[in-house]
Structures are given as C-alpha cells and as structure tokens.
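Trainee: sequence and predicted structure, then a few things I'm wondering about:
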Amino acid sequence: MKQHDLQLSDGRRLHVYDTRPDDSNARLVIVWHHGTPNLGEPPEPLLPAAAQRGIRWISYDRPGYGGSSRRDGRNLASAGTDVASIADALGVGRFAVMGHSGGGSHALACGALLSDRLVGVVSVSGLAPYDAVELDWFAGMGAAGAGELRTAARGRTALEEYLAATAFDPEMFTPADHAALAGEWSWLGKIAGRALDGGVSGMVDDDLAYVAPWGFSPGHVRSRVLIVQGGQDRIAPSSHGAWLAREIPLAELWLRPDDGHISVLRSGEAVLDWLLKCA
C-alpha cells in the first residue's frame, strides 16, 4: 500500500492511502471514509476479499487526523471537495464510496455532491442528520455516545472539556461488537487508539459536524445507496438507518437485527459484491 501527502490549493495537506497505485485496470475503486476517532487506512479485514475481486481502495485521514491538516469549520459536505481533489490527483474518474460509523455520513455527502462520478454509496452504522424530521435522534443510543453528542451541540469548548474528563465506556458496544473487536475486527481498535496520538482535534471537528447542518440534504443523494445497520447498535441506532433509507431516493436498507455497531461489518464481503454489481 502506498501512502503520500497531497497538497491542496488552499494550503492544506491530506494524507492519502492507495492499495493498488499502479493498477489502472481495477474492476472497481472504492474510497473509504473512516469513523470517529480513526485514521484513514482502508479496512484491513476486507483487503483480502477486495484483492480477490480486483478492487482498489483509496482513502485518507480526515482533516485533523493523522497526517492531514485541520480544516476549520468543516462540515460533512467538505468531504465532497476533498475526495474530488484526491480522485483528480490520482487520475480516477468513476468510483464508489463506503464509510463506517461517522464515515457513513461523509460517504453520503459524496453521494450528494459527486453523484456524476459515483457508481454506488455504502453507509455502514451511520447517523441521520441531527435535525432529521420525525426522528427521535437520541433514542436507543448508549449513555456515552449520547452524552458526547449532546455536549457537542453546546460547542467546541464544552466538548473539549467533556472529552478530557470522560473515559472510554465499553458499554457503548454490544457483546457481538466486543467479539468482533477481539477477533477479525481487532484492527479497528488499534487504529482508533493511534488516531488520538496527535490529540482530539479531529474527533472534536467530527462531532461538531454531526450535530450541525450537513451542507446537503439526504434527499439530494442521487447515487445508488446501500444502508447497512445493526439492529442492536448503541451508537447509531437502527432508526437512523431506517430514516436514511426512507429519505434517500435510491436507497436500499440491510438491517442486521442481531448486530451492533462493529459486528455489522461482518457484512463487508457482501457489500463489496453489491458495489461490484453497481459498477
């Protein structure tokens, strides 16, 4: 996998990952959007299945994480311009996007703003907009996740103080999640820890973006969309996935009743096949 820094016209830097940089004949290119807090490395547990299918992953550290510069005041729509810059720099015309957790919302932003370039969009364990009509946004969330996002709605200073005083709560994950994190998805826990080595600025910017206007409406996502949601998810409750599936014109919902926020990623290989059919 190649890693490099992309210098943008506004002076910012994006740290980019590319699993097959010399392969112009890949059957499909997927741009991966990571969760909160995470780094942008493409999902290691899915790399063997992707290689077997001729899939190339491109991804990046979101602004404020890892090797990427902060982008002051970024919203979810900001992901659209960043991804377009990366694809242009790498000579990639059409591609798919896939995101997990907070990355799902960023993937949807690309679906709204880059629909002419996308073959498909996948949001796994994603949130609905904070102002979603007829959705009890916090219903079904665990205390830790709800507390963090309620505090984010009060602003940057309150959130920074909250994160400094709050420890990780394992109850945010279900037993199925913990089993996945101890097994095939242990990689996710490792990069989440590394994402905070440089501080919490990326995490703060993410959380503020989730409770602010997104900069686009889910109803404006014109690409084919797959929403994958765990029925037991304590971070992004299944009601969020159901709401997104109703609002997005070309959306399909895969509800996994027994899965949580992490264990639902076991659907990953089936998701890759869905995207290949879109291509």
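Mentor: All right, it came through fine. Just so we're clear, the structure is a prediction, and the values are computed from it rather than from any experiment.

Trainee: which parts of the lowest-mean-pLDDT helix or strand in the chain are buried?
Mentor: Taking mean pLDDT, DSSP states H and E as the measure, helix 186-195 is the helix or strand of the chain with the lowest mean score, a mean of 94. Neighbour-count burial for helix 186-195, counted by 16 or more other C-beta atoms under 10 Å, picks out 188, 191, 192, 195. To be clear about C-beta, it is placed using only N, CA and C from the backbone, and glycine gets the same treatment.

Trainee: now the residues you listed in JSON lines, with distance to residue 86?
Mentor: Formatted as JSON lines, the buried residues of helix 186-195 follow (distance: C-beta to C-beta, whole Å):
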{"residue": "188", "distance to residue 86": "22"}
{"residue": "191", "distance to residue 86": "19"}
{"residue": "192", "distance to residue 86": "22"}
{"residue": "195", "distance to residue 86": "19"}
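
Trainee: which stretches of the stretch 51-200 of the chain form strands?
Mentor: Assigned by DSSP state E, counting those that start in this stretch, the stretch 51-200 of the chain shows strands spanning 55-60, 95-100, 118-124.

Trainee: counting contacts, what elements does the longest one pack onto?
Mentor: With contacts defined as 3 or more C-beta pairs under 8 Å, 6 or more residues apart in numbering; DSSP states H and E, the secondary structure elements packing on strand 118-124 are strand 95-100, helix 102-113, strand 225-230, helix 268-278.

Trainee: and of those, who's closest to residue 136?
Mentor: Proximity to residue 136 (C-beta to C-beta) singles out strand 225-230 among those, at 15.7 Å.

Trainee: which elements pack onto that closest one?
Mentor: Strand 225-230 packs on strand 118-124, helix 238-247, strand 251-256, helix 268-278, going by 3+ C-beta pairs under 8 Å, 6+ apart.

Trainee: rewinding a little: format the strands of the stretch 51-200 of the chain as TSV; extra columns: mean pLDDT and distance to residue 236.
Mentor: Converted to TSV, those look like this (pLDDT from 0 to 100; distance: least, C-beta to C-beta, whole Å):
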stretch	mean pLDDT	distance to residue 236
strand 55-60	98	20
strand 95-100	98	10
strand 118-124	98	9
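
Trainee: format the ones you listed as CSV; extra columns: mean neighbour count and distance to residue 265.
Mentor: Formatted as CSV, the strands of the stretch 51-200 of the chain follow (neighbours: other C-beta atoms under 10 Å; distance: least, C-beta to C-beta, whole Å):
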stretch, mean neighbour count, distance to residue 265
strand 55-60, 25, 15
strand 95-100, 28, 7
strand 118-124, 27, 6
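
Trainee: how about the ones you listed in a markdown table, adding distance to residue 33?
Mentor: As requested, the strands of the stretch 51-200 of the chain are exported to a markdown table (distance: least, C-beta to C-beta, whole Å):
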| stretch | distance to residue 33 |
| --- | --- |
| strand 55-60 | 7 |
| strand 95-100 | 3 |
| strand 118-124 | 9 |
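
Trainee: of all the ones you listed, which one is nearest residue 26?
Mentor: Per C-beta to C-beta, nearest to residue 26 of those: strand 55-60, 3.8 Å.

Trainee: just the C-alphas of the closest one, formatted as CSV.
Mentor: Output of strand 55-60 as CSV, limited to C-alpha atoms (Å, rounded to 0.1, in the frame of the first residue of the first chain):
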residue,chain,number,x,y,z
ILE,A,55,-10.9,-3.9,-6.0
ARG,A,56,-8.6,-1.0,-5.3
TRP,A,57,-9.0,1.0,-2.1
ILE,A,58,-8.2,4.7,-1.8
SER,A,59,-8.7,6.5,1.5
TYR,A,60,-7.4,9.4,3.5
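
Trainee: and it with strand 95-100, angle?
Mentor: 60 degrees (axes from the mean of the first three to the mean of the last three C-alpha atoms, to 10 degrees).

Trainee: what is strand 55-60 packed up against?
Mentor: For strand 55-60, the elements it packs on are strand 13-18, strand 28-33, helix 47-52, helix 78-90, judged by 3+ C-beta pairs under 8 Å, 6+ apart.

Trainee: from the chain's centroid, how far away is the longest one?
Mentor: Yep, that's helix 78-90 we're talking about. In terms of C-alpha atoms, centre = their mean, to the nearest Å, the centre of helix 78-90 is set 15 Å apart from its chain centre.
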